[in-house]
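what follows is a predicted structure for the sequence shown.
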Amino acid sequence: MIRSRLELARWCIDLPDESFVRLLEPPEGRQPKWDENLFEPAQLENLRKKLDRGERIALIVPLWIQRTGGTTQHTRCKVVIERQADLERGEDHFTREGVTIAGVASLRQRGIRVLVAVTEKVLSKFLGDSENPAHTEWQERSPKFRGKYDWGPTCLRYVKNSPREILKILSRPAKGRDETLLSDLFYIESKPADESFVATKKPTGVPGKDGVDQPAPNGIATDKYFQVQRAKEGFRLGFVPIT
């Protein structure tokens, strides 16, 4: 596992900036939050496909930082993501100018490893102000951090939660109805196109009162145990009466 982490870190270091996908910066002066609007539509679709194919993903995440009473400064961090099937739980690793912040974690999705790398001075100073003396956590209530920045806690959460929120967005299914979602579980075997949908007699008939199988009504498919009937908004699944 350690070797895999080092390989991902080396890949991140060696990858040129132009090979990273740059996200949009949250609007200034408002609470920064993660949503799909931070991704260009084509960009989002491409990243989802890469994640599905198991390819590594490299992102530049811009952010603004504003000291209380000061001017806005623009900064960024890098986020790289990879799949590893044998990971029993998600791994997210945060580094600030070479220091690993071991107590920060947000990811719970198994089979995923994420590295968040902070190298720019503005963001590094912001995060450093929130660190505890052991340099293992970023704390909103740190004495050096509290009240020092406009939207400070929210910007801190934006960075800390980035692995979880990015994966949540990239794992979200495309909008619209998926007509084949449950096709492997619920289906009606159709007949050739030139035949009408009329159920056959035994064993697919519906038991009659006299114990003799009767042809199933139009719109119903049955087998020995189950019965599927067309409905206005889909279908009904029931059991064939046992006589």
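Cool, the structure landed. Residues are numbered from 1 along each chain as shown.

tell me which strands the helix or strand harbouring Thr75 pairs with, and in which orientation.
Using DSSP states H and E, Thr75 sits in strand 72-83. Take DSSP bridges as the rule and strand 72-83 pairs in its sheet with strand 57-67 (antiparallel), strand 112-118 (antiparallel).

and the first one, which residues are buried?
Residues of strand 57-67 classed as buried: 57-59, 61, 63-66 (neighbour count, 16 or more other CB atoms under 10 Å). In short, each C-beta sits where N, CA and C put it, glycine included.

would you list these in TSV and tack on pLDDT?
Shown next, in TSV, are the buried residues of strand 57-67 (pLDDT from 0 to 100):
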residue	pLDDT
Ile57	97
Ala58	98
Leu59	98
Val61	98
Leu63	97
Trp64	97
Ile65	96
Gln66	95
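
so who does Arg110 touch?
Counting by CB atoms under 8 Å, 6 or more residues apart in numbering, Arg110 touches 87-90.

spit out the contact partners of the closest residue to Ile169 other than its chain neighbours.
Nearest residue to Ile169, sequence neighbours excluded (CB to CB, 6 or more residues apart in numbering): Glu36, at 5.8 Å. Residues in contact with Glu36, defined by CB under 8 Å, 6+ apart, are 44, 169, 172.

among those, who's most crowded?
Among those, Leu44 has the most neighbours (other CB atoms under 10 Å), with 19 neighbours.

just confirm that residue is within a strand.
No. Membership of Leu44 in a strand is not supported by DSSP: H, G, I helix; E, B strand; the rest coil, which gives helix.

about what we covered before: how about the contacts of Arg110 in JSON lines, adding pLDDT, distance to Gln229 and neighbour count?
Shown next, in JSON lines, are the contacts of Arg110 (pLDDT from 0 to 100; distance: CB to CB, whole Å; neighbours: other CB atoms under 10 Å):
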{"residue": "Leu87", "pLDDT": "88", "distance to Gln229": "44", "neighbour count": "16"}
{"residue": "Glu88", "pLDDT": "86", "distance to Gln229": "43", "neighbour count": "7"}
{"residue": "Arg89", "pLDDT": "88", "distance to Gln229": "44", "neighbour count": "11"}
{"residue": "Gly90", "pLDDT": "90", "distance to Gln229": "43", "neighbour count": "18"}
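
of those residues, which is the nearest to Ser142?
Distance to Ser142 across the contacts of Arg110 (CB to CB) is lowest for Gly90, with 25.9 Å.

not counting sequence-adjacent ones, nearest residue to the closest one?
Leu107 (3.7 Å).

number of nearby residues for that neighbour?
There are 21 residues near Leu107, going by other CB under 10 Å.

which one among the contacts of Arg110 gets closest to Arg96?
Distance to Arg96 across the contacts of Arg110 (CB to CB) is lowest for Gly90, with 20.3 Å.

ok, that closest one touching Val114?
Yes. If you go by CB atoms under 8 Å, Gly90 and Val114 touch, sitting 7.5 Å apart.

between those two, what contacts are shared?
With CB under 8 Å, 6+ apart as the test, Gly90 and Val114 both reach 107, 163.

domains in this protein, by residue range?
Split into domains by automatic domain parsing, the chain comes to 2-170, 181-243.

look up the pLDDT of Phe235 for me, please.
Reading off the confidence values, Phe235 has pLDDT 78.

ranges for the helices of this structure?
2-14, 41-53, 121-130, 152-160, 162-170 (DSSP state H).

so for Pro32, which of the ones you listed sits nearest?
Across those, closest to Pro32 is helix 152-160 (CB to CB), at 4.7 Å.

related to what we said a few turns ago, so for Glu18, which of the strands paired with strand 72-83 sits nearest?
strand 57-67 (10.2 Å).

Met1 is nearest to which of the strands paired with strand 72-83?
When the strands paired with strand 72-83 are ranked by distance to Met1, counting by CB to CB, first place goes to strand 112-118 at 8.9 Å.
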